[in-house]
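Peer 1: The sequence isn't on hand, but the structure is:
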């Protein structure tokens, strides 16, 4: 091969390689869709990182929806409905009614006291509020021809010692009474008398009893009482046959 032909072939080969280099540089598939690398499509931080979708603080944080203070705190429910002060203070507003039995005792036997017997016999059902004790009295005539019983505080106090400290405000003393047969005449009273430390006594006079429980009231609204030794009492004339009657629900109010 002569020198001129060898020179021409060399330039032709150089041109072919140059064109091939340009075509490789302009390949659209290689430019728009680069070969994926491990970091580009599957790296953990890009699609499945725990912070991005399953982060505990983001959706299920304990403080956000079920915090104890928000809905079930003890102070919110206990203080509102079961607080001891709310129920106890709202109940009893007064010392009355005040039962005679338990504060005074039927200890002052009078007249034919040795002919008086008592039993805790109750009517069924008990009348009224049923405060205090049930009483069945039987009076058998003796030498005095009459008898009665005082409820005293303390026992046996006929008014020479301070009596029971009754709260201020009582206006009456009430009780239920009835006879074994009906027709029994019994007198009732409150206070040991003007010459005692009570300084008062209010009497009903004789009441003719029914054979069924009946409520009676003694008005004490005009009395400026203090400590009372004679909280209640009764008296009756003796008869040829024993006088039998009943008392219940004796109270100051």
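Peer 2: Arrived safely. Keep in mind it's a predicted model, so treat the numbers as computed, not measured. Numbers count the residues shown, from 1 in each chain.

Peer 1: Going by C-alpha atoms from here, please, whenever you check contacts or count neighbours.
Peer 2: Fine.

Peer 1: residue ranges for the strands of the protein, please.
Peer 2: 98-99, 105-111, 116-119, 135-139, 146-152, 164-165, 172-179, 185-193, 200-208, 214-219, 227-228, 230-237, 243-252 (DSSP state E).

Peer 1: which stretch among those comes nearest residue 129?
Peer 2: Nearest of these to residue 129, taken as C-alpha to C-alpha: strand 243-252 at 6.3 Å.

Peer 1: Residues contacting the closest one, please?
Peer 2: Outside strand 243-252, the residues that touch it by C-alpha atoms under 8 Å, 6 or more residues apart in numbering are 96-101, 122, 126-140, 170-180, 184.

Peer 1: what lines up beside it in the sheet?
Peer 2: strand 98-99 (antiparallel), strand 135-139 (antiparallel), strand 172-179 (antiparallel) (DSSP bridges).

Peer 1: Give the rounded mean pLDDT of that strand.
Peer 2: On average, the pLDDT along strand 243-252 is 98.

Peer 1: what angle do it and strand 214-219 make?
Peer 2: Using axes from the mean of the first three to the mean of the last three C-alpha atoms, to 10 degrees, the inter-axis angle of strand 243-252 relative to strand 214-219 is 50 degrees.

Peer 1: Please tabulate the strands paired with strand 243-252 in JSON lines, including the columns mean pLDDT and distance to residue 245.
Peer 2: Output for the strands paired with strand 243-252, formatted as JSON lines (pLDDT from 0 to 100; distance: least, C-alpha to C-alpha, whole Å):
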{"stretch": "strand 98-99", "mean pLDDT": "98", "distance to residue 245": "20"}
{"stretch": "strand 135-139", "mean pLDDT": "98", "distance to residue 245": "6"}
{"stretch": "strand 172-179", "mean pLDDT": "98", "distance to residue 245": "4"}
